[in-house]
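**Student:** can you look at this prediction? I've put the sequence above it.
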Amino acid sequence: MNDDKDNEFRPRVRARRRSTPSSHILSSRVAKLIARNGGRPRSKGIERRTLPRSGSARLGRGSYVAHTLTNSYGDRSRRVMVKTRLVVLARVSATSMAVHLRYIQRDGIGPEGERSRLYGPHKDQVSATDFEKRSARDRHQFRIIVSPEDGARLRDLRQYTRQFMQDMERDLGTRLEWVAVDHWDTDNPHTHIVLRGRDQQGCDLVIDRDYIAYGMRKRAAEVVNMMLGPRRELEIIRAQAREPDLERWTSLDEALALRSADGIVDVSDRPANVGGSSYRALLARRLTRLQSLGLAKEVESGRWVMPPDVERKLRALGERGDIVRTMQRAFTSQRKDYLIFSPTGAATTTGRVVAKGVAHELDDRGYLILDGTDGSAHYVTLASKVDLGSLPIGAIVSVRGTDEPRRADQTIVRFTRDGLYETARHLEVARAKKKRGVDPNEYVHAHVRRLEALRRAGVVERVTEGVWRIPADFVARGRAYDSGRLDGANVEVRSYVPLQKQVSAMAATWLDQMLLERSDGQSLLGFGAEVHAALRQRGTFLVEQGLAQRHGDQWIPAPNLLATLRARELRSAAQAISDETGLNYREPANGESVTGVYRRSVILASGHFAMLDDGLGFVLVPWRPVVEEHLGHSAKATINGQGVSWTLGWRRGLSL
């Protein structure tokens, strides 16, 4: 063995230093990979998104899955509409979840018109109450509508929904708890899904916005493609052949938008034929139709100009068309002028409710179709907090736009001196110019309630009892307050009782108010003509009952007509409740405060009343919507003429 150290082999191990790409370089590589595989960034070009580092804010679940999903079937893929709304439960009413679950299970939505039931991942029938209890402490929930274009061809929507939700679980990396209902009451069957905002560890379920925006839609399309296969060429041809004349946003419009450069659409070089039918001819037909709608203009052969907001306008046209068809179904045998009420306008419309439903199913926002006193039909989108159940078919309501100044606000300004409004001065004038059948105390107190609401909003200041400081721009600020509170029309129920029942009712009816106001704004067509006839009949009835006198074509009501009629109906209703419950009725005095348990609401021709049980008997006082949430709990009502001030949760001093 050679001991020569010069010939000895000694390996030297040295760690090679590798450079770690910075986060922006790594995210750039990821973005390029996403784009190469058909991903769609949210902005123009490749989105470079910094990857989360340790301790930084985490991305929502499904963030990268959304970008890696591809449309493997291309143009032959079946289309699916997916709408999702995140509902923060602390920001909605306590009954919002129950109302939504009750609505999506309503009657008439099953395949044969029956009532549908909630189902879940493994059970065909799930209790809504149990789901509510499990979700009570959740921070939020997701409300989802999934509507496959070919949903009617699917044998079992439940199987489709379960497979879709299983794919979502795989994408999001967690088990999901959800309930769903299938709706078959439209041309395209669809499914409502309510997804809890908790993952399997009990933490808040945070889903990335990209996955919500288009990842869910791609997954839903994959499932329907697996079940039905991709669209055949003949299906594509038939679908496209229907699109050129439609007044809504179509796939042809999407194709035109993709070919647009600086607002110019060039269709002169489109070579493709689809099943022997020229696609270029379809685009040309569509452009001609858009030109007739004022949404396109040909500047030279094959080159067209389209406005940048063409998509918004076409979607609005499509929505209007859906609304008009809904109204036509409500008036099948009558010709009407169909008008869409603008919540931000300055108009006021009164009419009879002939139909109602949900316009925006994710937030349960309803709509009414009114047969107006002006002879026209009106479609009214309601604020999201308005309960459709409180507006029965046949009721008479008034809707007011938020841009119209309230008459009460204008009256308050008229009685303001040196920036101060005094109830004593207003009451003195009201008593001196007393209108027939109108209680001055009730009239002035209605203005006080308005001032109280505006005081809580910081619009006015209460200097002392009965004295208020009114700003110079009071009317404008009151209008802004109304506009900010409502995301739909302001609705006031004028009568829960149908028109013909009011004619001979021994109660203070809407017809009586119309007679006292000598209102003559009704049309002689439709519901307006019915109101004219009912007013004449009501006047005759009051004369026969000794509650009015006729002089020629004029009639003079008895003093305090409305108060007299209201008192008679209340006594009759109270007697019926006494016979049922064994409790004694007590009529509260003006200015008295009554504390008791709110037992029920009572709807009469004279209005809506609440029954308070004070332990010794019961009283009937004017009802307000906010009271309904306190059913079975103590409440305090202070009588002011024919009005009332409510104090709910009075131990804590919350006054309304």
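**Tutor:** Good, I have the coordinates.
**Student:** pLDDT on stretch 211-228, on average?
**Tutor:** Taken as a whole, stretch 211-228 has an average pLDDT of 89.
**Student:** per-residue confidence at residue 641?
**Tutor:** Note for residue 641: predicted pLDDT of 64.
**Student:** report the helix or strand with the lowest average pLDDT across this structure.
**Tutor:** Sorting the helices and strands of the chain by mean pLDDT, DSSP states H and E puts strand 273-274 at the bottom, at a mean of 44.
**Student:** for stretch 237-251, buried residues please.
**Tutor:** Counting neighbours by 16 or more other CB atoms under 10 Å, one finds that the buried residues in stretch 237-251 are 237, 240, 243, 244, 246, 249, 250. The C-beta positions use only the backbone N, C-alpha and C, and glycine is treated the same way.
**Student:** report the two of those residues separated the most.
**Tutor:** 237 and 249 (20.2 Å; CB to CB).
**Student:** grab the nearest non-local neighbour of residue 615.
**Tutor:** Spatial nearest neighbour of residue 615, chain neighbours left out: residue 596 (7.1 Å); criterion: CB to CB, 6 or more residues apart in numbering.
**Student:** which residues touch residue 210?
**Tutor:** For residue 210, the contacting residues are 42, 62, 63, 66, 67, taking CB atoms under 8 Å, 6 or more residues apart in numbering as the criterion.
**Student:** quick check: it is in a helix.
**Tutor:** Yes - the assignment for residue 210 by DSSP: H, G, I helix; E, B strand; the rest coil puts it in a helix.
**Student:** how close does it get to residue 257?
**Tutor:** 21 Å (CB to CB, to the nearest Å).
**Student:** picking that back up, any idea which of the buried residues of stretch 237-251 is the one closest to residue 143?
**Tutor:** Of all the buried residues of stretch 237-251, residue 249 has the smallest distance to residue 143: 23.5 Å, by CB to CB.
**Student:** so the closest residue to that closest one other than its chain neighbours is in which element?
**Tutor:** In space, and not counting its chain neighbours, residue 249 is closest to residue 314: 4.3 Å by CB to CB, 6+ apart. Counting by DSSP states H and E, the element that carries residue 314 is helix 310-330.
**Student:** so which bits of that helix are buried?
**Tutor:** By 16+ other CB under 10 Å, the buried positions in helix 310-330 come out as 310, 314, 317, 323, 326, 327, 330.
**Student:** how about the contacts made by the fifth one?
**Tutor:** Think residue 326. When contacts are counted by CB under 8 Å, 6+ apart, residue 326 is found next to 355, 357, 367, 369, 379.
**Student:** so the helix or strand where the first one lies versus helix 310-330, what angle?
**Tutor:** This means residue 355. If you go by DSSP H and E, residue 355 is part of strand 348-360. Orientation of strand 348-360 against helix 310-330 (axes from the mean of the first three to the mean of the last three CA atoms, to 10 degrees) gives an angle of 110 degrees.
**Student:** could you list the buried residues of the helix or strand following strand 348-360?
**Tutor:** Proceeding N to C from strand 348-360, the next assigned helix or strand is strand 365-372, under DSSP H and E. By neighbour count, with 16+ other CB under 10 Å as the criterion, the buried positions of strand 365-372 are 365, 366, 367, 368, 369, 370, 371, 372.
**Student:** for residue 262, see how far away the third one is.
**Tutor:** Distance, residue 367 to residue 262, using CB to CB: 40 Å.
**Student:** before we move on, back to that, give the contact list for the residue nearest to residue 249.
**Tutor:** 247, 248, 249, 250, 253, 295.
**Student:** contact partners for the fourth one?
**Tutor:** Put plainly, it is residue 250. Taking CB under 8 Å, 6+ apart as the test, what residue 250 contacts is 243, 286, 314.
**Student:** now do the first one
**Tutor:** By CB under 8 Å, 6+ apart, the residues touching residue 247 are 293, 314, 317, 318, 321.
**Student:** for these, which one is nearest residue 142?
**Tutor:** Set against residue 142, the nearest of the contacts of residue 247 by CB to CB is residue 318 (25.6 Å).
**Student:** need the pLDDT of the closest one.
**Tutor:** As predicted, residue 318 sits at a pLDDT of 86.
**Student:** distance of the closest residue to it other than its chain neighbours from residue 635?
**Tutor:** Once its chain neighbours are removed from consideration, residue 318 has its nearest residue in residue 248; the separation is 2.9 Å (CB to CB, 6+ apart). Using CB to CB, one gets 49 Å for the distance from residue 248 to residue 635.
**Student:** partner residues bridging the residue positioned nearest the centre of the chain?
**Tutor:** By CA atoms, centre = their mean, the mean C-alpha position of the chain lies nearest to residue 365, the distance being 2.0 Å. Each beta-bridge partner of residue 365 is listed here, defined by DSSP bridges: residue 360.
**Student:** cool, residue 86 as well?
**Tutor:** Partner residues in beta bridges with residue 86, using DSSP bridges, are residue 142.
**Student:** and the angle for the helix holding residue 314 with strand 365-372?
**Tutor:** Going by the same axes, to 10 degrees, helix 310-330 makes 60 degrees with strand 365-372.
**Student:** that older thread, okay, the contacts of residue 326 in a markdown table with pLDDT and distance to residue 83 next?
**Tutor:** Converted to a markdown table, those look like this (pLDDT from 0 to 100; distance: CB to CB, whole Å):
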| residue | pLDDT | distance to residue 83 |
| --- | --- | --- |
| 355 | 88 | 23 |
| 357 | 79 | 17 |
| 367 | 88 | 17 |
| 369 | 91 | 23 |
| 379 | 91 | 21 |
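**Student:** turn those into TSV, including distance to residue 607.
**Tutor:** TSV is the format used below for those (distance: CB to CB, whole Å):
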residue	distance to residue 607
355	24
357	26
367	25
369	24
379	27
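**Student:** mind checking how far residue 443 is from residue 425?
**Tutor:** When CB to CB is applied, the distance between residue 443 and residue 425 equals 14 Å.
**Student:** make that residue 395, sorry
**Tutor:** Following CB to CB, the distance that separates residue 395 from residue 425 is 37 Å.
**Student:** higher neighbour count, these two?
**Tutor:** Per other CB atoms under 10 Å, whichever of residue 395 and residue 425 has more neighbours is residue 395, with 21 against 16.
**Student:** so who does the more buried one touch?
**Tutor:** Going by CB under 8 Å, 6+ apart, residue 395 touches 352, 353, 493, 495, 496, 497, 498.
**Student:** out of these, name the ones that lie in strands.
**Tutor:** For the contacts of residue 395, the ones inside strands are 352, 353, 493, 495, with DSSP state E as the criterion.
**Student:** state the distance from the closest residue to the first one other than its chain neighbours to residue 528.
**Tutor:** Across the structure, with CB to CB, 6+ apart as the measure, the residue nearest residue 352 apart from its sequence neighbours is residue 371 (4.8 Å). With the distance defined as CB to CB, residue 371 ends up 9 Å from residue 528.
**Student:** ranges for the helices of the stretch 401-550 of the chain?
**Tutor:** In the stretch 401-550 of the chain, the helices defined using DSSP state H, counting those that start in this stretch lie at 407-414, 423-432, 440-456, 474-485, 499-503, 510-517, 526-544.
**Student:** for the first one, packing partners?
**Tutor:** What that stands for is helix 407-414. In terms of contacts (3 or more CB pairs under 8 Å, 6 or more residues apart in numbering; DSSP states H and E), helix 407-414 is packed against helix 440-456, helix 474-485.
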